[in-house]
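# Give me the fold of what follows.
(chains A and B)
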Amino acid sequence: MEFDWLTFGFEIVNFLVLVWLLHRLLYRPVLAMIQRRRDEIAAQARAAEARQAEAEQCKAEYDRRLEDWAGERAKRRRELDEELEAERQRRLQALEAELAERRQREEALASRQAGQARESAERTALALAGRFAARLLAAAAGPDVQARLLRLLVAELGALSAERRAALRAALASAAAPLEVTGAYPLDDAQRAELAQALAALTGGSAPAMVFSEDPALLAGVRLTVGAWQLGANLQDELQAFAELVPADG
Amino acid sequence: MEGSNLLGMPGIELGSLRLSESLFGSLAVSLLLVVLAALLGLRLRAAPGPWQTAVEGLVGAAEATVRVLVEDQAPRVLPFVATLWVFLLCANLVGLVPGLESPTRDLSVTAALAVLVFASVHWFGIRAGGWRAYLRHYLQPSPLMLPFHLVSEFTRTLALAVRLFGNIMSLELTALLVLTVAGLLVPVPILLLHVIEAVVQAYIFGMLALVYIAGGMQAHERLHGEGG
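You can find the predicted model right below:
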């Protein structure tokens, strides 16, 4: 091992030159490049932070708008609910009114139908009663019944009102034909005399001329006819009047 | 060129000057580094390739290491310390190439580097705090410590030179002896150890230089701290 001063000196110079060259050629450019890259990264980081801040601001704005929209939506929903409730109430009331009206119509219809049914039943009952009465009276009709009816007629003639009595006198006076007396059975002389006497008392003079005839359809009793004026006391007229008048009265 | 021997330093005679082979090796390593640095430095791109990425990583790691000790003075110290690391790593590994020898197996080379470290400690220390403050730290904490400081400066510089020289020279000598005695493939583990030792010694030399420089630059701060 020996020490070479020449090598020692050249080595010092060599290393110092190497330091200078590497500093110029390597360290400074590489460090500058690294620093530039760091600056770019820092700039990008700042830009990213700015964008992030902007994005957060946009997000805050978006959230605020969402809240506004949610509030507006809730408000519109409440208004819609209120409108729907009002419409529901209105339609419910209309439906209830319609139902009430329909119920009234149905009740009126049911009442009318019940009345019609009752009337129909009454007419049917009356018809049945008329037929029953006609059959019963036809079975019970006879000269004795006619005699009682004739006495009833005579009594009725005596009890006529002044107006009807005047009308009967006018009809007898103006009639060209004699008074037609129709009976279900022939009248005997006593009955005819009794009738003539009653008519004479009615007219206040002599008895009017009378024509006697028979009609079995009367069942029993007599019918007086002069012109358009009729006075009856027989079962047929009574049954017919019963059949026509009783339903109207009822 | 003379033939190499185990301990000697064959050289080249240029007239009256005798240039050692280690000096040529050192120059060759320096030239290689300069060429590579020029090629790489002229081709730096914003989007780095693999080589640029690796170099940026190494330079960045070196800059970070220097900044840990000297903080804002790192740009001033980095070129010297990083060049120590790079040059010593390449110079230590040259010995792995058959027929070549590591320049750092020459005490003259390692002593030159150690003297440069010694000088740089004072240079950076004086630039950092002024020569009065720098020199005053030799008298701290007591003027009686001056001899010890001076011995420390000398011994640590000597230790730098001898440590590097001894390790590299002994490794190459060991490999040469084993190769001579045992055969071709037997020294392979020794060569692998050489790689590790080359990296470790380069790191130790540069790191110690950095620590010494940082100590010199922070001497005035210690004085202010103690005075305050």
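
# Could you give the number of residues near the nearest residue to B:Leu171 once chain neighbours are set aside?
Counting by CB to CB, 6 or more residues apart in numbering or on different chains, B:Leu171 lies nearest to B:His194, which is 4.9 Å off, once chain neighbours are set aside. Where you see a C-beta, it was placed from the backbone N, CA and C, and this is true even at glycine. As a burial measure, B:His194 scores 22 neighbours (other CB atoms under 10 Å in any protein chain shown).

# Output the below-cut-off pLDDT ranges for the chain.
Unless you meant another one, I'm taking chain A. Along chain A, the model assigns pLDDT under 70 to residues A:1, A:245-250.

# my question was about chain B
Filtered on pLDDT under 70, chain B yields the residue ranges B:1-11, B:14-15, B:220, B:222-228.

# so where's the longest helix in it?
Longest helix in chain B, counting residues (DSSP state H): helix B:146-181.

# and the angle for the helix or strand just after that one with helix B:146-181?
Downstream of helix B:146-181, the next assigned helix or strand under DSSP states H and E is helix B:188-217. Helix B:188-217 runs at 170 degrees relative to helix B:146-181, counting by axes from the mean of the first three to the mean of the last three CA atoms, to 10 degrees.

# With adjacent residues omitted, what lies nearest to A:Glu156?
Nearest to A:Glu156 is A:Ala233, by CB to CB, 6+ apart, at 6.7 Å.

# So what pairs up with the one you found in the strands?
Under DSSP bridges, the beta-bridge partners of A:Ala233 are A:Val222.

# Now do the residue most central in space within chain B against chain A, distance only.
Note on chain B: the residue nearest the mean C-alpha position is B:Leu84, at 4.0 Å, using CA atoms, centre = their mean. The gap separating B:Leu84 from chain A is 8 Å, by CB to the nearest CB, to the nearest Å.

# got a list of what that residue touches?
Residues counted as contacts of B:Leu84 (CB atoms under 8 Å, 6 or more residues apart in numbering or on different chains) are B:Leu113, B:Val117, B:Ala202, B:Phe205, B:Gly206, B:Ala209.

# where does it fall, phi/psi-wise?
phi -60, psi -50 (degrees, to the nearest 10).

# In terms of helices and strands, where is B:Glu13?
Counting by DSSP H and E, B:Glu13 is found in strand B:11-14.

# Can you give the strand pairings for the next helix or strand after that strand, parallel or anti for each?
Past strand B:11-14, further along toward the C-terminus, the next helix or strand under DSSP H and E is strand B:17-20. Applying DSSP bridges, strand B:17-20 is found paired with strand B:11-14 (antiparallel).

# Helices along chain A, start to end?
Assigned by DSSP H, the helices in chain A fall at A:5-22, A:28-140, A:143-158, A:162-174, A:189-203, A:235-249.

# Turn the ones you listed into CSV, including mean neighbour count and distance to B:Leu185.
As requested, those are exported to CSV (neighbours: other CB atoms under 10 Å in any protein chain shown; distance: least, CB to CB, whole Å):
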stretch, mean neighbour count, distance to B:Leu185
helix A:5-22, 18, 34
helix A:28-140, 11, 40
helix A:143-158, 17, 171
helix A:162-174, 13, 173
helix A:189-203, 16, 182
helix A:235-249, 14, 149
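
# out of those helices, which comes closest to B:Leu171?
helix A:5-22 (20.2 Å; CB to CB).

# so what does the closest one touch, helix or strand wise?
Contacts defined by 3 or more CB pairs under 8 Å, 6 or more residues apart in numbering or on different chains; DSSP states H and E place helix A:5-22 against strand B:17-20, helix B:21-41, helix B:74-93, helix B:107-129.

# So which of the contacts of B:Leu84 is the closest to A:Glu244?
Proximity to A:Glu244 was ranked across the contacts of B:Leu84 by CB to CB; first place goes to B:Gly206, at 149.2 Å.

# Might you report the residue contacts of that closest one?
With CB under 8 Å, 6+ apart, B:Gly206 has these contacts: B:Val81, B:Ala82, B:Leu84, B:Trp85, B:Leu88.

# can we see that at 6 Å?
Applying CB atoms under 6 Å, 6 or more residues apart in numbering or on different chains, we find B:Gly206 in contact with B:Val81, B:Leu84, B:Trp85.

# Mind putting those residues into a markdown table with distance to B:Val68?
A markdown table is the format used below for these (distance: CB to CB, whole Å):
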| residue | distance to B:Val68 |
| --- | --- |
| B:Val81 | 12 |
| B:Leu84 | 17 |
| B:Trp85 | 15 |
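
# What distance do you get for the residue most central in space within chain A to A:Gln89?
Computing the C-alpha centroid of chain A and ranking residues by CA atoms, centre = their mean puts A:Arg102 first, at 2.3 Å. Using CB to CB, to the nearest Å, A:Arg102 is found at 20 Å from A:Gln89.
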